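Asks: Quick one: sequence and predicted model below, then my questions.
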Amino acid sequence: MRFNENGKFKIMQITDMQEVCAVSPDTVKLLESAIAAENPDLVVYTGDQIKGYGITYKGLGDELIHNVSMTIEKLLKPVVDRNIPFAVTFGNHDRQVGISNKDQFEKIYKKFPSCVGVQAEGIEGGGTYNIPIESHDGSRDLFNIYLFDSGTDAKGGGYEPFDPKIIDWYKKTREKLKEKNGDYVPSLVFQHIPLFEHYNVLKRVKKSEKGAIPAFRIHKGEYYKIDEDKCVEGSVLLEPPSIPDVNTGEFDALKEKGEIMGVYVGHDHKNSYVGKVDGIDLGFTQSSGFNVYGNGKERGVRCFILDENKPGCYETYTKTYRQLCDGKLHKPILDEIFRLAPTTMDMAKPLIAKVVAGLVGIIALIVILTQLL
């Protein structure tokens, strides 16, 4: 990877496609339109490329790998056809299909010549590595990208704690980059599951406040909204950040040397925000898949613009289906259900209460009319 002659480098993050064998035409339309409009230098896929828990992927062994490959090839086509380099890490749902992240990485993604990155030594699975970006003349590394495999669902509920081995590998890698280049190299981190600190750019509010989002598990009973003093304009919070129950110290490690500029995740499909904590931007990117719940035509991708002359700075923005694509959705009714459906039981309770109250009212009305007749 190298800055172009104009000193620019563009990254596109695509996350949570969560597609099935019959890939949604709207997912394909969004991906094709985004790639064509933005023409990134590198595409980073941050997990849940497939709906691993779905029932559409059938077969065992090589047959299953083939079936999953067919879906992934459709999703990668806009990038592969243009020979754009891409990198991939994994979410909590990818491996649920019955193929390990290692095998998906090595047997499916790495068969494409434009797939970059080599799995970190000493780390099991796939999807953990770094990608240095050289100056336009190739003389040194001016920027660096980390991809971390943030794990899957935990036994008993919630999500696995972030792997301490990855933290140790990251510390060693940043020191190697410093030794090679004479100083710590400005970097961005991409992973699937958010950090504990993604809550630190939100403000806790009362349950009664309009737009309050109920949290769950270790934040159960708490309600949150975007903190406008910490988050950039246009930030969106529509569901609680789904973090692990145990904090293994990832963020503390990332802020030690000051070279990490931001950590960007997916996982919670409707969220799209960026806020700063201890000098590090913590961002969510909304989902881009239409065969799973999401935020309607606000599904999209996130872009990052790097400048060789300003290696300690970057620009980021999202591009949505509404901005990029003309025409109606392929399945508008299903998408409206996906858009309105609550994402947690705590968010579902008010809706359930309204439905029950409505049914009680209807029954009461029927009883009254029956007595009158």
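Replies: That came through fine.
Asks: Helices along this structure, start to end?
Replies: Under the criterion DSSP state H, the chain carries helices at the ranges 25-38, 61-80, 101-103, 164-181, 250-254, 321-324, 332-340, 345-372.
Asks: Quick check: residue 215 vs residue 299, distance?
Replies: 23 Å (CB to CB, to the nearest Å). For the C-beta atoms, the positions are set from N, CA and C on the backbone; glycine is no exception.
Asks: If you count surrounding residues, which of these two has more?
Replies: Neighbours per residue, other CB atoms under 10 Å: of residue 215 and residue 299, the larger number sits with residue 299, 29 against 23.
Asks: OK, contacts around that one?
Replies: 30, 269, 286, 287, 288, 289, 290, 320, 321 (CB atoms under 8 Å, 6 or more residues apart in numbering).
Asks: And the pLDDT at the third one?
Replies: What the model reports for residue 286 is a pLDDT of 98.
Asks: number of nearby residues for it?
Replies: When neighbours are counted by other CB under 10 Å, residue 286 registers 25.
Asks: got a list of what it touches?
Replies: Applying CB under 8 Å, 6+ apart to residue 286 gives the contacts 15-16, 236, 269-272, 294-295, 298-300, 318, 320.
Asks: so which of the residues you listed comes closest to residue 219?
Replies: residue 271 (14.5 Å; CB to CB).
Asks: With residue 287 as the reference, measure out to that closest one.
Replies: Taking CB to CB, one finds residue 271 at 9 Å from residue 287.
Asks: hmm, back to that, out of the helices of the chain, which gets nearest to residue 121?
Replies: helix 164-181 (7.9 Å).
Asks: Name the residues that touch that closest one?
Replies: Here helix 164-181 makes contact (CB under 8 Å, 6+ apart) with 120-123, 128, 130, 132, 140-141, 144, 146, 148-149, 184-185, 187, 248-250, 253-254, 256-257, 259.
Asks: 10 Å - rerun?
Replies: 120-124, 128-130, 132, 134, 139-142, 144, 146, 148-151, 163, 183-185, 187, 189, 191, 248-250, 252-254, 256-257, 259-260 (CB atoms under 10 Å, 6 or more residues apart in numbering).
Asks: Restrict those residues to the buried ones and give me that as a ChimeraX selection.
Replies: Only the buried entries of the contacts of helix 164-181 go into this ChimeraX selection, using 16 or more other CB atoms under 10 Å:
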select :120,123,128,129,130,132,134,141,142,144,146,148,149,150,151,163,184,185,187,189,191,248,250,253,254,259,260
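Asks: Which ones among the contacts of helix 164-181 map onto strands?
Replies: Among those, the ones falling in strands (DSSP state E) are 129, 130, 132, 134, 141, 142, 144, 146, 187, 189, 260.
Asks: Would you mind giving the residues you listed as CSV with distance to residue 177 added?
Replies: Converted to CSV, these look like this (distance: CB to CB, whole Å):
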residue, distance to residue 177
129, 13
130, 8
132, 7
134, 12
141, 6
142, 11
144, 6
146, 10
187, 8
189, 14
260, 12
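Asks: Any chance of TSV for the residues you listed, columns pLDDT?
Replies: Converted to TSV, the ones in strands among the contacts of helix 164-181 look like this (pLDDT from 0 to 100):
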residue	pLDDT
129	98
130	98
132	98
134	97
141	96
142	96
144	98
146	98
187	98
189	98
260	98
